[in-house]
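Asker: need a 3D model of the sequence below.
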Amino acid sequence: MIDILFVGIGWTDIALTLNRIAVGSFFMHSGYHKLFNAERHRTFVDELKSLGVPALGFNQWWVPSVEFSAGVAVLIGLLAPLAALGLLVIIVIAMATSGRQRIKLYNPIDRGDRVDDWLYLPETLYAFMLIIIVSAGAGPYSLDALILGLLNKHVA
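Answerer: The predicted structure follows:
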């Protein structure tokens, strides 16, 4: 019982897998809708315009393409650290652009409130979820683990 209080229940592989599936699913769906739903794409383009994002013609397709393809890769665990790193770049840019504007609208009352507002952003949560995948990999329940197992069997 004491171990559970200090080191948890020990289902680390399951927790890492659920984290990977959750964040991969989010980006896959987000990218899909921005690519294939005309209204959602238009809303995304309008947001890019209002933020002054350069190369609008390129970024309106590049960003959701990366979200979708890297989201699928993270979801199934295929080259997951690399895919998560690509998504992390996108989410950091989103935090620096639209996230910063939302923080201003929250009108934080002091530095502590500003930190709280940044931590309240969903992008911050997704960034931490992606950092886990970049640092820990896809885990044992992934295509990466399957491929590595086959490669190790072939080499040995």
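Asker: L56 against E47, yeah?
Answerer: No: the pair L56 / E47 is not scored as a contact, 10.8 Å apart, by Cβ atoms under 8 Å. In short, each C-beta sits where N, CA and C put it, glycine included.
Asker: please say which of these two ends up with more neighbours.
Answerer: E47 (15 against 12; other Cβ atoms under 10 Å).
Asker: quick one: residues in contact with stretch 16-29.
Answerer: Contact with stretch 16-29 is made by 67-68, 70-77, 80, 84, 87, 126, 129-130, 132-133, 136, 138-142, as judged by Cβ atoms under 8 Å, 6 or more residues apart in numbering.
Asker: buried subset of the residues you listed as a PyMOL selection?
Answerer: Burial among the contacts of stretch 16-29 is assessed by 16 or more other Cβ atoms under 10 Å; the matching PyMOL selection reads:
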select buried, resi 67+68+70+71+72+73+74+75+76+77+80+84+87+126+129+130+132+133+138+139+140+141+142
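Asker: which ones among the contacts of stretch 16-29 lie within helices?
Answerer: The helices, defined by DSSP state H, take in 67-68, 70-76, 80, 84, 87, 126, 129-130, 132-133, 136 from those.
Asker: can you count the residues close to F58?
Answerer: Number of residues near F58 (other Cβ under 10 Å) recorded here: 10.
Asker: just name the shakiest helix or strand of this protein by mean pLDDT.
Answerer: One helix or strand of the chain scores below all others by mean pLDDT, DSSP states H and E: helix 2-7, with a mean of 90.
Asker: what's in contact with that helix?
Answerer: Looking at helix 2-7 with Cβ under 8 Å, 6+ apart, no contacting residue turns up.
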